[in-house]
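>>> Pasting the sequence and the predicted coordinates here, then a few questions.
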Amino acid sequence: MPTPLRVAIAVQTLAVFLTPISAGLLLTVPSGHALHSATSYTLFIVVTLHVLTAILVWRPGGGSPKPILPAAVFLGLTLAQVFLGLAHVTAVHVPLGVLLFGFSLLQLSRIRPAREAAAQNA
């Protein structure tokens, strides 16, 4: 069974992946703006839930506090991404989106599956 933190990061990675797809639709279909806006705010909510999950895994769950910092940094970068998008600063918005996707994949690769973590702790 996957750990809650692994699930949160996997959903975050999926949301980051879908956001540029909706950006492409923004350029090609009339309803693209609404779709990109929806995926962007969905990403923000998912990232916020990721931070909360990292805190809950640490404090009441007895896990390590190490995942909180990358989650908080990702939240800060996501906030910057939203504001840059709203300001139409595409010269920074687009590369930051690529960075967010890579950062999310890196976070996902660093969270071990539950069976691997249990074997190491045994």
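Thanks, I have it. These numbers come from a predicted model, not from an experiment.

>>> name the helices or strands packed onto the longest helix seen in the chain?
Taking DSSP state H as the criterion, the chain has its longest helix at helix 32-58. Packing contacts for helix 32-58, counted by 3 or more Cβ pairs under 8 Å, 6 or more residues apart in numbering; DSSP states H and E, involve helix 4-28, helix 68-86. (Glycine included, C-beta is placed from N, CA and C.)

>>> how about it: buried residues?
For helix 32-58, burial by neighbour count (16 or more other Cβ atoms under 10 Å) applies to 35-36, 39-40, 43-44, 46-47, 50-51, 53-55, 57-58.

>>> now swap in stretch 12-24 and tell me
12-13, 15-16, 18-20, 22-23.

>>> repeat for stretch 60-76
63, 67-68, 70-71, 74.

>>> residues touching residue 36, list them.
19, 22-23, 25-26 (Cβ atoms under 8 Å, 6 or more residues apart in numbering).

>>> Put together a markdown table for these, with pLDDT on each row.
Below are those laid out as a markdown table (pLDDT from 0 to 100):
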| residue | pLDDT |
| --- | --- |
| 19 | 94 |
| 22 | 94 |
| 23 | 92 |
| 25 | 92 |
| 26 | 88 |
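
>>> need those in CSV with distance to residue 80, can you?
Output for the contacts of residue 36, formatted as CSV (distance: Cβ to Cβ, whole Å):
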residue, distance to residue 80
19, 14
22, 19
23, 16
25, 23
26, 19
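
>>> if we take the buried residues of helix 32-58, which one ends up nearest to residue 113?
residue 57 (14.6 Å; Cβ to Cβ).

>>> was I right about the closest one contacting residue 67?
Yes - contact criterion Cβ atoms under 8 Å: residue 57 and residue 67 qualify, at 7.0 Å.
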